[in-house]
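Undergrad: Fold the following.
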Amino acid sequence: TISSMAASGSDECGWKHTLLLRLRDRNRVQTHFFADVIHAHNKLFESTDTLKSQNVQLQLQTERLKQEKLDLEVKALDSSVNSGSGKGEKTQALEQKLFKLQEELTELHRRKGENAQQIIDLNSALQEKEKILAEKENRLMDTETHLEALKAECRNLEQAILEKDALHQALRDEHQALQMTFSALEDKLRKTQAENQELVERWLQQKSRDADKMNFENDQMARKRQAKLQRELAEAAKEPSPQTADKSPENGQPDQAAPSGSPISRIFNSSTSEAPPNPGHVGFIESIAGLLAGKKRSTSVDDGFEPQTSAAGAPPRHYVTVTLPSTAVHKADGHDGEVNAIRFSPSGRIVATGGTDRKLKLWEIMNRKLDSKAVLTGSNAGIMSVEFDPQENYILGASNDFASRVWSVADFRLRHTLTGHSGRGLAAKFLGDSSRVVSGSHDRTLKIWDLRSRACIRTIFAGSSCNDLVTSDLSGTNIISGHFDKRIRFWDTRAESSANEITLQGKITSLDLSLDNKYLLSCSRDDSLKLIDLRMNQVTGTFCADGFKVGCDWTRAIFSPDGQYVVAGSSDGSIYIWNITTFRLEKQLKEHSSSVIACSWHPSGVMMVSCDKNKKVTLWSDY
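TA: Just a heads-up that it's a prediction; the model follows:
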């Protein structure tokens, strides 16, 4: 009990001592800022006390002098009564002394007034100091309140930091778990890719074996047919051919006929001599006869078409003879601002242009001049690219108002507005047919649109701004895009990510495919054009020239219709044409006064159009 009482007593003394120390510290801290004021206040009090004591002494002295004056007056009266006029000199001396005392009294009154005024001034100064002291005390209290609030906020922030650290640790653990999962998935992907590669190689080997087998069987069948034909020809050559009577051509009868018993007659007439010949046999026999006669089948005809069709039954391919343009036959003011895009329709009947005046214009070429046909409106910003569908029923335009639009060529009406990008649209193309569209934007995405449902059916995150794109097959599964980060990316719409990519030395401004889809032409801001072999996914050549400068991020370069030349505009207003075989500059055309943005070759190869930043559209020809 005694120990507990001692402990409680020591605790009580301890907190009292602590409280005393805190009060002293507070007093020291708070009085430190007002030490000068307190010192001045103390001096004022001391001077006030001194003046008060002097005033009291002066009052006492004044009273004493008054008393002495009264005494002197009484004595003077008594002396005047007692002494008479004989004591006049002594009275004068006393009067002089009284006069001096009165002057001293007057001086003391004056000093008393001054002291009183000084006391008033000191009191006023004291009141002002007290006001200042009160203000500083209020400020000190406000500062202490603010300090407490800051301490509370600091405690809250410390608590928040602790919570953030805990969350950070949890996120770090989750990241490590995800990293492990990603590593496992990456290993699985590598294994899957290896298995896929193995399966592809096995599939290719099987296809190769099947092809070898089919070739072997075809060779055997061809040898059998050739042996059979040789036997039939040998038999036909051994038999004599009797002469028939000559008939007049005017009578409509043939000059001679084959013997009815010969093998050739049996081929033509399988049942009777009057039956019409089998077309397949006729063609077969005619080809053999031509070979025996040493003839060679011609590979070109006057109308410019191939005599054979493709294996898939496609129509014969038209051979185009491209003539390099040399003369600007017509110049027109295309738009009210820069002309950003230009394109011939697949038939070559119409030219489409898009400009910064928010208009898409259609032109016809009449008498070697560009004649305005229609103005398509509806865009809220400049149009950056134009594209016709293969059937030439619709025209597609990408614009800077984050949207792409589809107009009908027949009635020039706006049919679809495709909105969904968060950046300006720089390129848009029909994907496979006229029912799907792919667009590329400055928001680093590609979007695939279904025009039948008028909705975006897929968004591809490319990672960089898309400046141009092309589609490399009719099924609409392969997309090639050129980007601001100097990369060309290859996309398969059936896959989730980019299948492949190629990195160049400059920002990609345009892409164009050759007619056989084997080569890709890219234009970049390093002032060069690159020819890429899509079968090997590598650059096979570079086109450049002295003075050739790419003028903007959407400068377009294209192939010629026959695939033998490439053309691009320069910032100095020139158009450069290179030979794709020799990679040498074939021709330089100079007519524009400002940077040439885009060119388009007529499908027949006889004309070309170009546009520039100075509102001009120019028609070129070789004469």
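Undergrad: The helix or strand harbouring residue 384: partners in the sheet, and parallel or antiparallel?
TA: In this assignment (DSSP states H and E), residue 384 forms part of strand 383-388. Take DSSP bridges as the rule and strand 383-388 pairs in its sheet with strand 394-399 (antiparallel).
Undergrad: For residue 96, see how far away the residue most central in space within the chain is.
TA: By CA atoms, centre = their mean, the chain has its centre lying nearest to residue 442, at 3.8 Å. Distance from residue 442 to residue 96, counting by CB to CB, to the nearest Å: 114 Å. For every residue, glycine as well, the C-beta is placed using N, CA and C.
Undergrad: Mean confidence (pLDDT) on the strand holding residue 384, please.
TA: Average pLDDT, strand 383-388: 94.
Undergrad: what are the C-alpha coordinates of that strand, in PDB please?
TA: Coordinates of each C-alpha in strand 383-388 appear next as PDB, following Å, rounded to 0.1, in the frame of the first residue of the first chain:
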ATOM      1  CA  ILE A 383     -12.100  14.900 -95.700                       C
ATOM      2  CA  MET A 384      -8.800  13.000 -95.600                       C
ATOM      3  CA  SER A 385      -9.400   9.900 -97.800                       C
ATOM      4  CA  VAL A 386     -11.800   8.700-100.500                       C
ATOM      5  CA  GLU A 387     -12.500   5.200-101.800                       C
ATOM      6  CA  PHE A 388     -15.000   3.600-104.300                       C
END
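Undergrad: I'd like to know how far the residue nearest to residue 377 when sequence neighbours are not counted sits from residue 500.
TA: Closest residue to residue 377 apart from its sequence neighbours, by CB to CB, 6 or more residues apart in numbering: residue 359 at 6.1 Å. Distance, residue 359 to residue 500, using CB to CB: 38 Å.
Undergrad: higher neighbour count, these two?
TA: Neighbour tally, residue 359 and residue 500, criterion other CB atoms under 10 Å: the higher count belongs to residue 359, 20 against 12.
Undergrad: got a list of what that one touches?
TA: Residues in contact with residue 359 (CB atoms under 8 Å, 6 or more residues apart in numbering) are 335, 336, 375, 376, 377, 379, 383.
Undergrad: The last one bridge partners, please.
TA: I take that to be residue 383. Bridge pairing for residue 383 - DSSP bridges - gives residue 399.
Undergrad: Identify the residue spatially nearest to residue 598, adjacent ones excluded.
TA: residue 556 (4.0 Å).
Undergrad: Now do the one you found, the pLDDT please.
TA: Taking residue 556 on its own, its pLDDT is 94.
Undergrad: Hmm, it is touching residue 568, no?
TA: Yes. Applying CB atoms under 8 Å, one finds residue 556 in contact with residue 568, separated by 7.5 Å.
Undergrad: Give the intersection of the neighbour lists for the two.
TA: Taking CB under 8 Å, 6+ apart as the contact rule, the neighbours common to residue 556 and residue 568 are 523, 599.
Undergrad: Excluding sequence neighbours, find me the nearest residue to residue 327.
TA: Using CB to CB, 6+ apart, the closest residue to residue 327 is residue 621 (5.9 Å).
Undergrad: ah, wrong one, I meant residue 324
TA: That would be residue 587: by CB to CB, 6+ apart, it lies 5.3 Å from residue 324.
Undergrad: Quick check: that neighbour is in a helix.
TA: No. Under DSSP: H, G, I helix; E, B strand; the rest coil, residue 587 sits outside any helix and is assigned strand.
Undergrad: re the thing from before, can you list the contacts of residue 359 in TSV and add secondary structure and neighbour count?
TA: Compiled in TSV, these are given as follows (DSSP: H, G, I helix; E, B strand; the rest coil; neighbours: other CB atoms under 10 Å):
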residue	secondary structure	neighbour count
335	coil	24
336	coil	12
375	strand	12
376	strand	22
377	coil	11
379	coil	23
383	strand	29
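Undergrad: Show me which of these is closest to residue 140.
TA: Within those, distances to residue 140 taken as CB to CB reach their minimum at residue 379, with 67.5 Å.
Undergrad: Wait, the closest one touches residue 405, no?
TA: Yes. Using CB under 8 Å, residue 379 is in contact with residue 405, at 6.2 Å.
Undergrad: what residues are shared contacts of the two?
TA: Taking CB under 8 Å, 6+ apart as the contact rule, residue 379 and residue 405 both touch 397, 399.
Undergrad: Show residues contacting the strand holding residue 384.
TA: By CB under 8 Å, 6+ apart, the residues outside strand 383-388 that reach it are 340-343, 345-346, 350, 352-356, 358-360, 394-400, 409, 424-430, 468, 554.
Undergrad: Buried among these? Make that a ChimeraX selection.
TA: The following ChimeraX command selects only the buried members of the contacts of strand 383-388, with burial defined by 16 or more other CB atoms under 10 Å:
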select :340,341,342,343,345,350,352,353,354,355,356,358,359,360,394,395,396,397,398,399,400,409,424,425,426,427,428,429,430,468,554
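Undergrad: Among the contacts of strand 383-388, which ones are in strands?
TA: Within these, residues falling in strands by DSSP state E are 340-343, 350, 352-355, 360, 394-399, 425-430, 468.
Undergrad: ok, back up a step: who's in contact with the residue nearest to the centre of the chain?
TA: Here residue 442 is in contact with 421, 423, 424, 425, 426, 465, 466 (criterion: CB under 8 Å, 6+ apart).
Undergrad: Go through the residues you listed and name the one nearest residue 141.
TA: Nearest member of those to residue 141, counting by CB to CB, is residue 423, at 56.3 Å.
Undergrad: Now for that closest one, how many residues are close by?
TA: Neighbourhood size, residue 423 [other CB under 10 Å]: 15.
Undergrad: gap between it and residue 467?
TA: Residue 423 sits at a distance of 12 Å from residue 467 (criterion: CB to CB).
Undergrad: if we can go back for a sec, OK, contacts around the residue nearest to residue 324?
TA: Contacts of residue 587 (CB under 8 Å, 6+ apart): 324, 325, 326, 576, 577.
Undergrad: with those in mind, which one is nearest to residue 146?
TA: For the contacts of residue 587, the closest approach to residue 146 (CB to CB) belongs to residue 576, at 71.8 Å.
Undergrad: Given whichever strand or helix holds that closest one, what are its sheet partners and their directions?
TA: Element membership for residue 576 (DSSP H and E) is strand 574-579. Strand 574-579 has the following sheet partners, assigned by DSSP bridges: strand 565-569 (antiparallel), strand 585-590 (antiparallel).
Undergrad: Which stretch among the ones you listed is buried most, on average?
TA: Neighbour counts (mean count of other CB atoms under 10 Å) averaged over each of those peak at strand 565-569, with a mean of 26.
Undergrad: that older thread, compile the strands paired with strand 574-579 into a markdown table and extend it with columns for mean pLDDT and distance to residue 602.
TA: Shown next, in a markdown table, are these (pLDDT from 0 to 100; distance: least, CB to CB, whole Å):
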| stretch | mean pLDDT | distance to residue 602 |
| --- | --- | --- |
| strand 565-569 | 95 | 12 |
| strand 585-590 | 92 | 15 |
